[in-house]
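Engineer: Based on what follows, work out the 3D shape:
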Amino acid sequence: MESNEDKSAKMSRNNTRVVAVCLGALAVMGAVTAASPTLYTMFCKATGYNGTTQRSAANANKVLDRTITVRFDSNVASGLPWSFEPDVKKMTVKIGETGLAFFRATNNSDKPVTGQASYNVTPEALGLYFNKIQCFCFNEQTLKPHQTVEMPVTFFLDPKMVDDRDTETLSEVTLSYVFYPVDRPAATADASSKGKSGG
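Structural biologist: Here you go, the predicted structure:
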């Protein structure tokens with residue numbers, strides 16, 4: 001028969017094991033949570049999930065004799081004193097053809113302001129086939145007080161979209177941007193704006 005002392009020691013060891021397992025589980029959950037924005041971004045870029053577009057160094061695709069209408073949507077988050085709009089609201093391009101569009105941004109404030117654009121496309125299924133070669137959204141943009149800049153985006157739609165059941169019949173896609181303010185120390189923003197002409 002176990003003594004009370006043995007029972008107490010056994011219970012203490014069991015409690016220690018449970019605490020260790022719980023702490024281990026919390027550590028794993030914390031690591032997954034910390035990595036999840038990066039993992040989620042990687043997943044979206046690889047699959048086009050949630051309308052995330054692809055990034056491409058160049059366009060070597062065959063151009064199909066079929067067109068698609070690309071609409072452009074622009075938004076500014078609260079806290080960013082900018083005006084932001086596309087030069088044209090829509091354009092028609094051939095699937096596989098390289099397109100070039102421009103967006104205009106104006107800093108309406110009396111100080112340099114830095115912004116960063118997030119983006120997606122709808123229908124979301126086309127995110128896997130919408131490729132950007134060059135885009136203002138790849139980098140932060142710093143505008144001087146009351147400065148206006150033209151910002152280009154070079155893109156193409158991968159012809160593989162016509163072989164995908166989810167996208168083969170689509171004839172329109174909307175490319176949307178939202179510019180967000182980037183919090184930066186004033187000295188850094190001033191230095192950045194001096195060395196940058198925009199776009």
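Engineer: which ones are touching the nearest residue to residue 172 once chain neighbours are set aside?
Structural biologist: The shortest distance from residue 172 to any non-neighbouring residue, by CB to CB, 6 or more residues apart in numbering, is to residue 69 (4.6 Å). For every residue, glycine as well, the C-beta is placed using N, CA and C. By CB atoms under 8 Å, 6 or more residues apart in numbering, residue 69 lies in contact with 90, 91, 92, 171, 172, 173.
Engineer: Now pLDDT, distance to residue 76 and secondary structure too, for the residues you listed, in CSV please.
Structural biologist: Output for the contacts of residue 69, formatted as CSV (pLDDT from 0 to 100; distance: CB to CB, whole Å; DSSP: H, G, I helix; E, B strand; the rest coil):
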residue, pLDDT, distance to residue 76, secondary structure
90, 97, 20, strand
91, 97, 22, strand
92, 97, 27, strand
171, 95, 29, coil
172, 97, 24, strand
173, 96, 22, strand
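Engineer: Three-state assignment for residue 20, please.
Structural biologist: At residue 20, secondary structure determined by DSSP: H, G, I helix; E, B strand; the rest coil is helix.
Engineer: Give me the phi and psi angles of residue 81.
Structural biologist: In terms of degrees, to the nearest 10, the main-chain angles of residue 81 are phi -80, psi 50.
Engineer: ditto for residue 79
Structural biologist: For residue 79, the backbone dihedrals (degrees, to the nearest 10) come out as phi 100, psi -10.
Engineer: Distance of it relative to residue 136?
Structural biologist: Distance of residue 79 to residue 136, computed by CB to CB, to the nearest Å: 19 Å.
Engineer: pLDDT weak spots in this structure?
Structural biologist: Applying pLDDT under 70 to the chain picks out residues 1-12, 14-15, 18-19, 21-53, 56-57, 184-199.
Engineer: secondary structure element for the residue lying closest to residue 81 once chain neighbours are set aside?
Structural biologist: Spatial nearest neighbour of residue 81, excluding adjacent residues (CB to CB, 6+ apart): residue 109 at 4.1 Å. According to DSSP states H and E, residue 109 maps onto no helix or strand at all.
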